[in-house]
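> turn this into a structure:
(one chain, ligands or ions: 2)
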Amino acid sequence: MPKISTTAYLDQRPGTSGLRKKVAEFKQPHYLENFVQCILDAAGDVAGKTLVLGGDGRYLNAHAVQVILRICAGNGVGRVIVGRGGLLSTPAASHLIRVNQAHGGIILSASHNPGGPDADFGIKYNTANGGPAPESVTEDIYARSQRIDAYHCVETDDIDLDTLATSHLDRMVIEVVDPVDAYADLLKTLFDFDLIRSKLADGSLSVVFDAMNAITGPYATRLLVDELGAPKDAVLRGTPLPDFGGAHPDPNLVHAADMVARMTAADAPVLGAASDGDGDRNLIHGAGLYVTPSDSLAVIAANATLIKGYSAGIAGVARSMPTSRAVDRVAKALGLPAFETPTGWKFFSNLLDDGRITVCGEESFGTGSNHVREKDGLWAVMCWLNLLAVRGDSVRDILIDHWQTYGRDYYTRHDFEALDSDAANRLMQELESKVDTLVGSTWSGHRVLHADNFAYTDPVDGSESARQGIRVSFEGDARIVYRLSGTGTAGATLRVYIERAESHPERLLLDPQQVLADLIAVAGDLADIRGFTGRERADVIT
Ligand code: G1P
Ligand code: ZN
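Numbering: from 1, shown residues only. Ligands and ions are numbered 1, 2, ... in the order given. Alright, predicted model coming up:
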């Protein structure tokens with residue numbers, strides 16, 4: 001096979017979810033090629049095997065897909081299943097890997113980061129179970145990237161990926177598939193489409209979904225409009241664009257402002273939702289009431305048996321460490337096992353594969369189940385639609401009922417973005433060094449009960465992940481967590497997660513920022529955020 005000489009780039013260490021860099025960095029000579037070759041080398045023997053390939057359609061997606069096909073052919077890959085136009089949502093890619101028993105898949109996305117020539121691109125590898133590669137594989141990719149001196153690549157014109165067809169590149173088969181079909185079939189097995197369709201038809205249920213000019217446009221149109229009969233304008237910003245129309249495809253209250261405005265208007269639909277660049281995140285909004293991802297996970301877990309695909313019950317639940325403990329309360333009440341994992345979806349994979357959990361989620365707008373090995377935005381939307389159709393209540397009623405039963409975990413995340421990396425690292429080091437001495441200290445009346453640097457031992461394979469964030473628990477069931485982001489592309493981002501449980505029936509409907517104001521101040525003092533970063537307040541509050 002033709003071998004092309006190259007020089008190693010030393011900055012190709014995958015983060016929380018693959019390698020994310022500015023487009024300009026990916027455009028450096030051989031930068032993408034190097035990384036893809038390292039993926040294939042770390043993926044084990046790919047000769048003759050099947051891989052899945054697709055991305056969220058952002059700038060560079062179309063070019064990268066062509067490059068990857070040439071390198072796959074150069075490495076003797078047997079077959080590549082590509083979404084038409086090089087497009088696949090992350091959960092759909094995960095499903096295609098599983099349903100085709102592929103060796104793995106390459107997904108092109110920088111998730112919720114902006115796209116375009118001056119914005120972000122990303123690439124990640126998923127293994128045969130459909131989930132993000134575990135750390136052992138991503139570290140192997142990184143190690144190989146440090147010493148790569150050649151890659152294998154065939155020469156060819158661009159392949160036509162706009163036609164559903166099977167073709168050959170050298171001896172490799174390229175199968176272009178509809179990006180939505182298999183995924184839509186999967187969701188039909190999990191949710192009661194007939195019931196939802198009838199409730200949408202009689203007007204007792206209504207939905208608006210913001211696809212943010214990103215990958216979920218065609219998926220949402222198929223599911224909500226074509227299959228369930230919602231009106232066409234139920235899908236906002238439904239056409240995927242390489243730069244997401246200049247918008248930020250991050251489903252939060254700021255970036256999904258139009259949907260949020262619809263949901264806070266007098267004639268709001270029953271359910272409002274949004275998904276991100278690659279379709280794995282979700283935002284859930286009721287009429288006049290936003291549902292935090294931590295609460296959404298807890299509500300789905302508590303009501304799972306009302307949802308068609310989960311009617312036999314769930315095996316257990318898991319949440320990432322900084323996610324609020326709302327789902328733990330549900331698990332306790334239902335006698336289900338509950339797991340606390342480090343940040344990043346890959347840590348759920350073993351628990352799902354081993355049948356220990358059925359649903360899991362992260363505070364960062366990620367929710368999912370054992371149907372794939374990625375979080376799944378439209379899956380969460382379908383869960384809520386199914387739940388609303390069965391219960392006939394509003395989102396508000398369901399949430400209030402939930403809080404009355406289990407208590408409410410007031411929760412907020414404060415992000416300090418684009419910090420000087422050295423300053424952010426010093427802040428974390430200082431916190432780490434004083435963790436052992438925090439217990440017993442009191443901060444504005446809040447006494448520390450427990451503090452540690454979260455370490456996780458995977459109960460399935462025994463692998464260990466240390467230093468996953470500082471946890472500080474206080475009297476009164478309150479908690480503050482600090483960690484640095486592993487997905488940013490500019491400087492460092494400090495994430496501070498603040499929460500407090502409340503079960504008093506008259507204190508369930510307060511404003512989280514007010515309820516948590518004193519703890520937010522403690523979070524700043526305890527880590528001396530102002531001293532280290534010069535910042536008075538967070539850039540993004542969710
Ligand atoms: C962020 C989220 C994390 C999520 C990841 C990938 O990572 O916090 O929960 O798994 O994006 O979507 P972070 O930037 O915090 O490392
Ligand atoms: Zn995403």
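
> dump the residue contacts of whichever residue of the chain sits closest to ligand 2.
With C-beta to the ion as the measure, residue 111 is the residue of the chain nearest to ligand 2, at 3.2 Å. Where you see a C-beta, it was placed from the backbone N, CA and C, and this is true even at glycine. Going by C-beta atoms under 8 Å, 6 or more residues apart in numbering, residue 111 touches 17, 20, 56, 90, 122, 276-278, 280-281, 487.

> among those, which are in helices?
Cross-referencing the contacts of residue 111 against helices under DSSP state H gives residue 90.

> restricted to strands, list the contacts of residue 111.
Per DSSP state E, strands hold the following members of the contacts of residue 111: 20, 122.

> make JSON lines out of the contacts of residue 111 and add pLDDT, distance to residue 78 and neighbour count.
Output for the contacts of residue 111, formatted as JSON lines (pLDDT from 0 to 100; distance: C-beta to C-beta, whole Å; neighbours: other C-beta atoms under 10 Å):
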{"residue": "17", "pLDDT": "81", "distance to residue 78": "27", "neighbour count": "24"}
{"residue": "20", "pLDDT": "94", "distance to residue 78": "29", "neighbour count": "23"}
{"residue": "56", "pLDDT": "97", "distance to residue 78": "26", "neighbour count": "32"}
{"residue": "90", "pLDDT": "98", "distance to residue 78": "24", "neighbour count": "32"}
{"residue": "122", "pLDDT": "97", "distance to residue 78": "26", "neighbour count": "28"}
{"residue": "276", "pLDDT": "97", "distance to residue 78": "32", "neighbour count": "34"}
{"residue": "277", "pLDDT": "96", "distance to residue 78": "30", "neighbour count": "32"}
{"residue": "278", "pLDDT": "98", "distance to residue 78": "26", "neighbour count": "33"}
{"residue": "280", "pLDDT": "98", "distance to residue 78": "28", "neighbour count": "34"}
{"residue": "281", "pLDDT": "97", "distance to residue 78": "33", "neighbour count": "29"}
{"residue": "487", "pLDDT": "77", "distance to residue 78": "32", "neighbour count": "19"}
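
> and the residue of the chain closest to ligand 2, that one's in a helix?
No - counting by DSSP: H, G, I helix; E, B strand; the rest coil, residue 111 falls outside a helix, being coil.

> so where's the protein uncertain?
1, 489 (pLDDT under 70).

> need the longest helix for the protein.
The chain, longest helix under DSSP H: helix 421-438.

> tell me the buried residues in that helix?
423-424, 427-428, 431, 435, 438 (16 or more other C-beta atoms under 10 Å).

> can you check stretch 508-523 too?
Those would be 508, 512, 515-516, 518-520, 522-523, for stretch 508-523 by 16+ other C-beta under 10 Å.

> reformat the contacts of residue 111 as CSV; add distance to ligand 1.
Shown next, in CSV, are the contacts of residue 111 (distance: C-beta to the nearest ligand atom, whole Å):
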residue, distance to ligand 1
17, 4
20, 9
56, 12
90, 9
122, 10
276, 8
277, 10
278, 9
280, 7
281, 7
487, 3
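
> so does stretch 286-299 get close to ligand 1?
No - if you take C-beta under 6 Å from any ligand atom as the test, stretch 286-299 misses ligand 1, and the best it gets is 9.4 Å.

> and that stretch, how far out from the chain middle?
Relative to the centre of its chain, stretch 286-299 is centred 16 Å away, using C-alpha atoms, centre = their mean, to the nearest Å.

> may I see the buried residues of it?
Neighbour counts over stretch 286-299 (16+ other C-beta under 10 Å) mark 286-287, 289-299 as buried.

> just the ones of the residues you listed in strands?
The strands, defined by DSSP E, take in 286, 289-291 from these.

> pick the one among those residues closest to ligand 1.
residue 291 (17.1 Å; C-beta to the nearest ligand atom).

> wait, doesn't that closest one sit right on residue 399?
Yes - contact criterion C-beta atoms under 8 Å: residue 291 and residue 399 qualify, at 6.2 Å.

> now the common contact residues for these two.
With contacts defined as C-beta under 8 Å, 6+ apart, the residues shared by residue 291 and residue 399 are residue 299.

> for the residue nearest to residue 334 when sequence neighbours are not counted, phi and psi?
Once flanking residues are discounted, residue 334 sits nearest to residue 302: 7.4 Å by C-beta to C-beta, 6 or more residues apart in numbering. Dihedral pair for residue 302: phi -70, psi -30, per degrees, to the nearest 10.

> gap between stretch 169-187 and the chain center?
The chain centre lies 23 Å from the centre of stretch 169-187; the measure is C-alpha atoms, centre = their mean.

> what comes up buried for that stretch?
Under the neighbour-count criterion of 16+ other C-beta under 10 Å, stretch 169-187 has 169, 172, 174, 176-177, 179-180, 182-184, 186-187 buried.

> cool, and stretch 27-42?
30-42.

> OK, contacts around residue 414?
495-498, 520, 523, 537-538, 540-541.

> ok, now with 10 Å
Residue 414 makes contact with 494-498, 513, 516, 520, 523-524, 529, 537-542 under the criterion C-beta atoms under 10 Å, 6 or more residues apart in numbering.
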